[in-house]
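Undergrad: Prediction below, plus the sequence it came from.
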Amino acid sequence: MNRFRNVFVACGPQGGRSDDAGAQRGGAEKAKLREIGELFHDAALTTQARSALASSVGGTHAARIEVDTRRAVVTLTGEVETPDIRVRADQAAIGVEGVRSVVDNLVVRSPAIG
C-alpha cells in the first residue's frame, strides 16, 4: 500500500517538485483549464441565446440569425425583416442569464421593390 502512495506523490500535478518551473507549469495548466471552462460556458450561452431567439422572434426568423459568444459577449449577425424583430432579438439575447452584453450586427432587410 505504501508503494502506491509514493507513486502518487511522484506523479502529482507538479511531479513532486516545488521549484519555479513546477509553479510555472501549474500556472499554465490553470490558465488552460480556465480557457476550456470559458469555451464550455460560451457554448452553453450560445445555445441558450438561440433558444431565447426562437421563442422571441420565431424559428423562421431565428434561423437567419447567427449567434456567436466570446467571453460571455453574444454577437448576433444576419438579416431580419423588420426593426421590431431586431429589437426582440437583442432583448432575447441580453435576457439570457450570464450574458454580459450583446453586439448587434443585424441588418434590417429592405423590402423588395417591384
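TA: Yep, it's here. Numbering: from 1, shown residues only.

Undergrad: hey, what's T69 bridged with?
TA: With DSSP bridges as the criterion, the beta-bridge partners of T69 are V74.

Undergrad: OK, contacts around it?
TA: D42, A43, L45, T46, A49, T75, V99 (Cβ atoms under 8 Å, 6 or more residues apart in numbering). Using the backbone N, CA and C atoms, a C-beta is placed for each residue, glycine as well.

Undergrad: Equivalent analysis for L45, please.
TA: L45 neighbours (Cβ under 8 Å, 6+ apart): T69, A72, V74, V96, G98, V99.

Undergrad: Any of those residues buried? List them.
TA: Neighbour counting with 16 or more other Cβ atoms under 10 Å marks T69, V74, V96, V99 as buried within the contacts of L45.

Undergrad: Ramachandran coordinates for the third one?
TA: In this entry, V96 is assigned phi and psi values of phi -80, psi 130 (degrees, to the nearest 10).

Undergrad: Can you tell me the strand partners of the helix or strand encompassing V103 and which way each runs?
TA: Following DSSP states H and E, one finds V103 within strand 101-108. In the sheet, strand 101-108 lines up against strand 73-80 (parallel) (DSSP bridges).

Undergrad: returning to what we had before: using a markdown table, lay out the buried ones among the contacts of L45 together with pLDDT.
TA: Listed next are the buried ones among the contacts of L45 as a markdown table, based on pLDDT from 0 to 100:
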| residue | pLDDT |
| --- | --- |
| T69 | 96 |
| V74 | 97 |
| V96 | 97 |
| V99 | 96 |
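
Undergrad: For burial, what's the neighbour tally of S55?
TA: As a burial measure, S55 scores 12 neighbours (other Cβ atoms under 10 Å).
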